[in-house]
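Asker: sequence below, structure please.
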Amino acid sequence: MSEPTSASPAAEPGTRPGDSPVTSGAEDVLVEVRDLKVHFPIRRGFLRRTTGHVKAVDGVDLTIHRGNTYGLVGESGCGKSTFGRAVLQLEQVTAGQVMLDGIDLATLSGEALRRQRRHMQMVFQDPLGSLDPRQSVESLLLEGMKAHSMTGDANQARARLRELLSAVGLPMSALNRYPHEFSGGQRQRIGIARALSVEPQLIIADEPVSALDVSVQAQVINLLEDLQRELGLTYLVIAHDLAVVRHISDQVGVMYLGSIVEEADADELYSRPLHPYTRALMSAAPVPDPEVEGRREQILLSGDLPSPADPPVGCRFHTRCPWKQDTLCATSRPTLLPVNLPDVPAAHKVACHWADEIERGVIKPSSSRQAEGPQTGQIPE
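Answerer: Now for the predicted structure:
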């Protein structure tokens, strides 16, 4: 893969999110999400009466610092993709705040929201399905620029297209071709170039490499990292592949049934997972050393992910947790807080009543086994 060159720095538009003060008081905070909820009504019967709600996202707090990458992991159905779409206001927010540089996007609509959407873009999981097959690459790249009046004259537009293609490692000859004429990795590069075309501050990448061959995944991840260094981009990366998240993220949040159950710096979380769910995920990831792989225990989770339409009372993970203590776990929902251990950073937060006792070995898991067979390192989809 050719080394991408730097694209032009972000222009100063007439209206920027930075024109308003950041409510947290931290200048380096770009995204603040507070108690975000996205509930979808369940309607039944001839009159389509609402009989309940699917709580896809249910009380998420999250902070992303400018220029950093936040990795969000979890099983399929846990709400992580819905969360990403809600941040971009592609899903209607039921409650809570989504602050982009101090502006609450959940309160905006119409032209005000359209102006802010320029500062946040998305890279989708399926590079072919996210690109209109009837449009050429040139048309795809110019579409967003035209919507935000960023094309300039013909020479300026051509120069900008050249910068975008160079940044993602594609030749100018790609402009007159169509999505079906490219490989999966090349199509994802086009998707990344399209996201960059309006010079955003935040890019949400939803499973950006899961649809690609393994040999191509590293190239796309390296491209995203190069672009982040060169352009100062901020990423929210949503994935189920633990290795991908560890490689690219500065901070990681583990999501289960609509809420974040553990959050820490990437190195800290991977070296010392504290929530039972995170421990189970990490125990399923492969270890390169065959001897270590053969000796280590794998934590077994019982049952399937509960329905977000009827989540368990108390701790939502207690129905599958090998460390559960019925009295408290089944009645009280834990809050995401630092654990009471002297050698654990305060930024390492866990939503578990017994995280410190589990870490100290006071409470043992009820089920585990020696690792058997090859492990994928991915959360089941």
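
Asker: longest single helix anywhere in the protein?
Answerer: Criterion DSSP state H: the longest helix present in the chain is helix 214-231.

Asker: that one - contacts with which helices or strands?
Answerer: In this structure, helix 214-231 makes packing contacts with helix 184-196, strand 234-239, helix 242-248, judged by 3 or more Cβ pairs under 8 Å, 6 or more residues apart in numbering; DSSP states H and E. Using the backbone N, CA and C atoms, a C-beta is placed for each residue, glycine as well.

Asker: which secondary element of this structure has the worst mean pLDDT?
Answerer: strand 368-370 (a mean of 48; mean pLDDT, DSSP states H and E).

Asker: mind splitting the protein into its structural domains?
Answerer: Split into domains by automatic domain parsing, the chain comes to 134-199, 274-370.

Asker: now the helices and strands packed on helix 214-231 in TSV, with distance to R48?
Answerer: TSV is the format used below for the helices and strands packed on helix 214-231 (distance: least, Cβ to Cβ, whole Å):
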stretch	distance to R48
helix 184-196	36
strand 234-239	31
helix 242-248	39
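
Asker: of the ones you listed, which approaches G258 most closely?
Answerer: Among these, strand 234-239 comes nearest to G258, with 14.2 Å by Cβ to Cβ.

Asker: tell me which other helices or strands the closest one touches.
Answerer: On a contact count with 3+ Cβ pairs under 8 Å, 6+ apart, strand 234-239 meets strand 29-44, strand 49-65, strand 69-73, helix 80-87, strand 202-206, helix 214-231, helix 242-248.

Asker: where in the stretch 1-150 of the chain is pLDDT low?
Answerer: For the stretch 1-150 of the chain, the stretches with pLDDT under 70 are 1-26.

Asker: make a markdown table out of the domains of the chain and add mean neighbour count and distance to S259.
Answerer: Formatted as a markdown table, the domains of the chain follow (neighbours: other Cβ atoms under 10 Å; distance: least, Cβ to Cβ, whole Å):
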| stretch | mean neighbour count | distance to S259 |
| --- | --- | --- |
| domain 134-199 | 18 | 28 |
| domain 274-370 | 16 | 7 |
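
Asker: between those, which gets the lowest average pLDDT?
Answerer: Comparing mean pLDDT across the domains of the chain, the lowest value falls on domain 274-370: a mean of 86.

Asker: which residue sits farthest out from the middle of the protein?
Answerer: Distance to the chain centre peaks in the chain at F46, reaching 37.8 Å (criterion: Cα atoms, centre = their mean).

Asker: shouldn't R187 be in contact with P127?
Answerer: Yes. The criterion here is Cβ atoms under 8 Å, and R187 meets it with P127 at 3.6 Å.

Asker: list residues touching both of these two?
Answerer: With contacts defined as Cβ atoms under 8 Å, 6 or more residues apart in numbering, the residues shared by R187 and P127 are P179.

Asker: about what we covered before: looking at this, the residue farthest from the centre of the chain is in a helix?
Answerer: No. Under DSSP: H, G, I helix; E, B strand; the rest coil, F46 falls outside any helix and is assigned coil.

Asker: that one and D206, how far apart?
Answerer: In this view, F46 and D206 are 36 Å apart by Cβ to Cβ, to the nearest Å.

Asker: nearest residue to K364 other than its sequence neighbours?
Answerer: Excluding the flanking residues, the one nearest K364 by Cβ to Cβ, 6 or more residues apart in numbering is W323, at 7.6 Å.

Asker: all helices for the stretch 251-381 of the chain, in order.
Answerer: Remark: helices assigned in the stretch 251-381 of the chain by DSSP state H, counting those that start in this stretch are 266-271, 276-284, 290-295, 326-329, 355-359.

Asker: in JSON lines: these, plus distance to G71.
Answerer: Formatted as JSON lines, the helices of the stretch 251-381 of the chain follow (distance: least, Cβ to Cβ, whole Å):
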{"stretch": "helix 266-271", "distance to G71": "7"}
{"stretch": "helix 276-284", "distance to G71": "13"}
{"stretch": "helix 290-295", "distance to G71": "24"}
{"stretch": "helix 326-329", "distance to G71": "27"}
{"stretch": "helix 355-359", "distance to G71": "20"}
